[in-house]
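Engineer: Coordinates only, no sequence provided:
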């Protein structure tokens, strides 16, 4: 519970709604106190003709209508109706206010969790199922609503009701009041016995639900492969297996909850039976009136109601705890890359130097080893090597997706860890093999890195990327909504929008991570001119794929097993006769064998870290 209370900070910004909930809650307690009294007046004063208390007699003389038992009977009926109306109006206001408060808190927590997830490293996301992460953002964040409106506010209401009912019952009959509290130790025992099993089973259920969401998300993202390999029935069977496990978890959780509620109900019923037995003896002995017994039993239900509510909260608390654990588990994950306390924002020129950089994704397994090189402003540096050599990892360190284990990366003589992450990334443009388009308009996708760009600037960037022609053919031009992940566009069209995005960002540092390796030769030829224009005047890193791009580089870095084994121009590396020359000769051999132009061969491999 202590850990969950951290979530209460999401209630304070909504203090107005919280105040309305608390006020209506207090007024509702007042109505609960008044509710049994019309019945007591009916039994004792109207039916048994007992004299009315002096304050009641004075009130009846003021009120209109007949006096005597007939008048009292009339106002007992009116009072019953007024109490009912007040109770229901207060209940409606409470429900509306508490739902609004709960939803606002939930979405505030969900927004913070979503923002925090976006700041966590690629390593974190690579180790998580996307569907389970989505489940935590959209489902488990309701824990804050459950905590406030399902636990704390009912707890406050129950405690106030308990104190109020106890005080009134004590005035009616102290001995029976003390006896009615004899159920408390047994209720506490039920909480202790059933608390942990309920939390454990609820957590298991939520984890299984997250896995089901992951399965659906994975299958829908890979729907072309699912259909091409006719795996629909197998995916359906996998879903059913997860569903069976989830149903079983629900059943275990429900059994624990039902057993808990049965024990609580049995204890409460035993308490009521004991009071009925004792009160009946007192009534037979003539020491209390029938109306007093009735009102005492009514208040006893009002006393046991809050007691049972407090006890049942153990079940709610365990459910809330299971969901809160999944949320706080993410919120408590520290981002691998954070700003230093004295981090600066600096306009960069693009002079980059790697000094003895070592990095890996798993302990004792470095991907890059003691790597050093330099790239001057305006230079084009190509990075080649076998699959898994560490080419993408090298440029990912420059963007600070990760920080090196040892060594440092300098930009304009400054360690990139001394710069604000946001400032650094705003001055680096990326064109990747996967363009990562969003379900937004064409214009919004181009302006994703610069949302304040004007329409004229967006169109100029599209023109520079050779995208203007196909955009104008779209039904609504730049206002055309693109399908999920660019599904309504061809590979070349998606990549041209990605290049337009980089043009619009106009950053001094450019990273091209195999941007045309997934395209056919004709489509690549259409993009090469746009890429060459994009690289002009920028410090460019291009992970090499086809020789048409590599030959234009000022320097080529050849990486093997995380180390730079060669570097130089194309001509220099060919004269050396090392790994680069070997790869080149292999490419030429394939080209001669298949009669394919050498510049269209992809020899470096794609998809490595």
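Structural biologist: All right, it came through fine. For clarity, every value in this text was computed on a predicted model and none was experimentally measured.
Engineer: and the residue lying closest to residue 293 once chain neighbours are set aside, what element?
Structural biologist: Leaving out its chain neighbours, the residue that sits closest to residue 293 by CB to CB, 6 or more residues apart in numbering is residue 279, at 4.7 Å. No exception for glycine: its C-beta is placed from N, CA and C like everyone else's. Using DSSP states H and E, residue 279 maps to helix 232-285.
Engineer: tell me the mean pLDDT over that helix?
Structural biologist: Regarding helix 232-285, the rounded mean pLDDT is 77.
Engineer: How about stretch 139-146?
Structural biologist: Taken as a whole, stretch 139-146 has a mean pLDDT of 83.
Engineer: got the contact list for it?
Structural biologist: 4, 7, 10-11, 101-103, 105-110, 113, 206, 209, 316, 319-320, 323-324, 326-327 (CB atoms under 8 Å, 6 or more residues apart in numbering).
Engineer: Just the ones of those residues in helices?
Structural biologist: Among the contacts of stretch 139-146, the residues falling in helices (DSSP state H) are 101-103, 105-110, 113, 206, 209, 316, 319-320, 323-324, 326-327.
Engineer: SS state for residue 488?
Structural biologist: coil (DSSP: H, G, I helix; E, B strand; the rest coil).
Engineer: Excluding chain neighbours, what is closest to it?
Structural biologist: The shortest distance from residue 488 to any residue other than its chain neighbours is 6.0 Å, reached at residue 482 (CB to CB, 6+ apart).
Engineer: where does that neighbour fall, phi/psi-wise?
Structural biologist: Here the main-chain torsion angles of residue 482 (degrees, to the nearest 10) amount to phi -90, psi 140.
Engineer: Go ahead and confirm it touches residue 436.
Structural biologist: No: at 11.5 Å, residue 482 does not count as touching residue 436 under the criterion of CB atoms under 8 Å.
Engineer: Name the residue in these two with the higher neighbour count.
Structural biologist: More neighbours sit around residue 482 than around the other of residue 482 and residue 436, counting by other CB atoms under 10 Å; the figures are 21 against 13.
Engineer: Tell me which residues touch the more buried one, please.
Structural biologist: 437-442, 445, 488-489 are the contacts of residue 482 under CB under 8 Å, 6+ apart.
Engineer: Can you tell me the closest non-neighbouring residue to residue 252?
Structural biologist: Once its chain neighbours are removed from consideration, residue 252 has its nearest residue in residue 201; the separation is 4.8 Å (CB to CB, 6+ apart).
Engineer: distance between the helix or strand hosting the one you found and the chain's centre?
Structural biologist: Secondary-structure assignment from DSSP H and E places residue 201 in helix 184-221. The chain centroid and the centroid of helix 184-221 are separated by 18 Å, computed with CA atoms, centre = their mean, to the nearest Å.
Engineer: Run a quick neighbour tally on residue 394.
Structural biologist: The number of residues packed around residue 394, counting by other CB under 10 Å, is 27.
Engineer: wait, it sits on residue 559?
Structural biologist: Yes: using CB under 8 Å, residue 394 is in contact with residue 559, at 7.1 Å.
Engineer: For those two, list the residues in contact with both.
Structural biologist: A shared contact of residue 394 and residue 559, defined by CB under 8 Å, 6+ apart, is any residue touching both; here these are 371, 383.
Engineer: Emit the ChimeraX select command for whichever of the ones in helices among the contacts of stretch 139-146 are buried.
Structural biologist: Buried subset of the ones in helices among the contacts of stretch 139-146, written as a ChimeraX selection, criterion 16 or more other CB atoms under 10 Å:
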select :101,102,105,106,107,108,109,110,113,206,209,316,319,320,323,324,326,327
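Engineer: picking that back up, name the helices or strands packed onto the helix holding residue 201?
Structural biologist: With contacts defined as 3 or more CB pairs under 8 Å, 6 or more residues apart in numbering; DSSP states H and E, the packing partners of helix 184-221 are helix 130-138, helix 232-285, helix 290-331.
Engineer: With respect to residue 35, which of these lies nearest?
Structural biologist: Residue 35 sits nearest to helix 290-331 of all these, at 7.4 Å, using CB to CB.
Engineer: Give the next helix or strand downstream of that closest one.
Structural biologist: Proceeding N to C from helix 290-331, the next assigned helix or strand is strand 352-362, under DSSP H and E.
Engineer: what does the next helix-or-strand element following that following strand rub up against?
Structural biologist: If you walk from strand 352-362 toward the C-terminus, the next helix or strand you reach (DSSP H and E) is strand 365-375. Where contact means CB under 8 Å, 6+ apart, the residues beyond strand 365-375 that reach it are 350-361, 381, 390, 393-394, 397, 404-405, 407, 539, 541, 555, 557, 559, 561-564, 567, 609.
Engineer: Of those residues, just the buried ones, ChimeraX syntax please.
Structural biologist: Those of the contacts of strand 365-375 that count as buried under 16+ other CB under 10 Å are selected in ChimeraX with:
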select :350,351,352,353,354,355,357,359,360,381,390,393,394,397,404,407,539,541,555,557,559,562,564,567,609
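Engineer: which residues touch residue 402?
Structural biologist: Under the contact definition (CB under 8 Å, 6+ apart), the residues listed for residue 402 are 121-123, 336-337, 359, 393, 396.
Engineer: Please report how far it lies from residue 417.
Structural biologist: Using CB to CB, to the nearest Å, one obtains 12 Å as the distance from residue 402 to residue 417.
Engineer: and what of residue 34?
Structural biologist: Residue 34 sits 67 Å away from residue 417 when distances are taken as CB to CB.
Engineer: now swap in residue 347 and tell me
Structural biologist: Counting by CB to CB, the separation of residue 347 from residue 417 is 18 Å.
Engineer: More neighbours: which of the two?
Structural biologist: Applying other CB under 10 Å to residue 347 and residue 417 shows that residue 417 carries more neighbours, namely 17 against 8.
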